[in-house]
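Engineer: no sequence on this one, just coordinates:
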């Protein structure tokens with residue numbers, strides 16, 4: 001078994017489980033089901049573990065680029081904003097503006113590398129789904145920050161797409177490990 005792919009596969013599964021827990025917590029909050037306080041606490045631990053798992057996954061990569069590092073910062077900012085929503089902290093300008101700036105920079109870097117036709121960025125289906133899910137979460141932050149409707153729809157859709165992307169990455173890494181035997 002390829003020893004490099006196994007930890008990446010496990011991290012993808014742990015990330016998917018953490019996002020599913022956050023999704024279940026969001027559904028509990030939306031429907032005002034009982035045990036919302038306990039689920040909120042579990043969501044906080046899940047967000048913390050998500051920071052840990054994504055950071056470990058990022059730093060385990062053999063080749064890291066600027067776009068990967070900016071992508072990690074975007075993920076960490078989104079997680080911070082979601083944590084602030086859970087603890088109902090209202091002063092989020094310090095997190096929202098850097099998120100917008102880093103998102104714009106990341107999009108520019110991706111577009112420039114695509115225009116220059118460098119193959120530095122190689123997205124699989126799972127990575128593409130994760131980028132779409134994170135984009136939905138960024139749109140959700142924009143909508144909530146401007147007090148516009150539909151934020152919850154983008155939040156749930158983004159979490160679902162993130163779970164699908166993590167599972168696709170898990171399956172891809174699992175197939176790569178079985179093919180390398």
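Structural biologist: Yes, it's here. Model, not experiment: these values are computed from the prediction.
Engineer: Could you use CA atoms for every contact and neighbour count after this?
Structural biologist: OK.
Engineer: can you point me to the longest helix in the protein?
Structural biologist: Taking residue count as the measure and DSSP state H as the definition, the longest helix of the chain comes out as helix 151-179.
Engineer: So for it, what gets flagged as buried?
Structural biologist: 151-152, 154-174, 176-177 (16 or more other C-alpha atoms under 10 Å).
Engineer: Average pLDDT for it, rounded please.
Structural biologist: Taken as a whole, helix 151-179 has a mean pLDDT of 86.
Engineer: I figured residue 135 was touching residue 158, is that so?
Structural biologist: Yes: when contacts are counted by C-alpha atoms under 8 Å, residue 135 is listed as touching residue 158 (7.4 Å).
Engineer: buried stuff in the helix or strand in which residue 136 is found?
Structural biologist: Under DSSP states H and E, the secondary-structure element containing residue 136 is helix 125-145. Within helix 125-145, the residues that qualify as buried by neighbour count (16+ other C-alpha under 10 Å) are 126-127, 129-134, 136-143.
Engineer: just the angle between the strand or helix carrying residue 110 and helix 125-145, please?
Structural biologist: Applying DSSP H and E as the criterion places residue 110 in helix 93-115. Orientation check (axes from the mean of the first three to the mean of the last three C-alpha atoms, to 10 degrees): helix 93-115 against helix 125-145 gives 140 degrees.
Engineer: Determine the set of other helices and strands touching helix 93-115.
Structural biologist: Counting contacts by 3 or more C-alpha pairs under 8 Å, 6 or more residues apart in numbering; DSSP states H and E, the secondary-structure elements packed against helix 93-115 are helix 66-86.
Engineer: Give me the angle between the helix it packs on and helix 93-115.
Structural biologist: When the same axes, to 10 degrees is applied, the directions of helix 66-86 and helix 93-115 differ by 150 degrees.
Engineer: Report all helices and strands that the helix holding residue 136 contacts.
Structural biologist: Packing contacts for helix 125-145, counted by 3+ C-alpha pairs under 8 Å, 6+ apart, involve helix 66-86, helix 151-179.
Engineer: what about that helix, average pLDDT?
Structural biologist: Average pLDDT, helix 125-145: 89.
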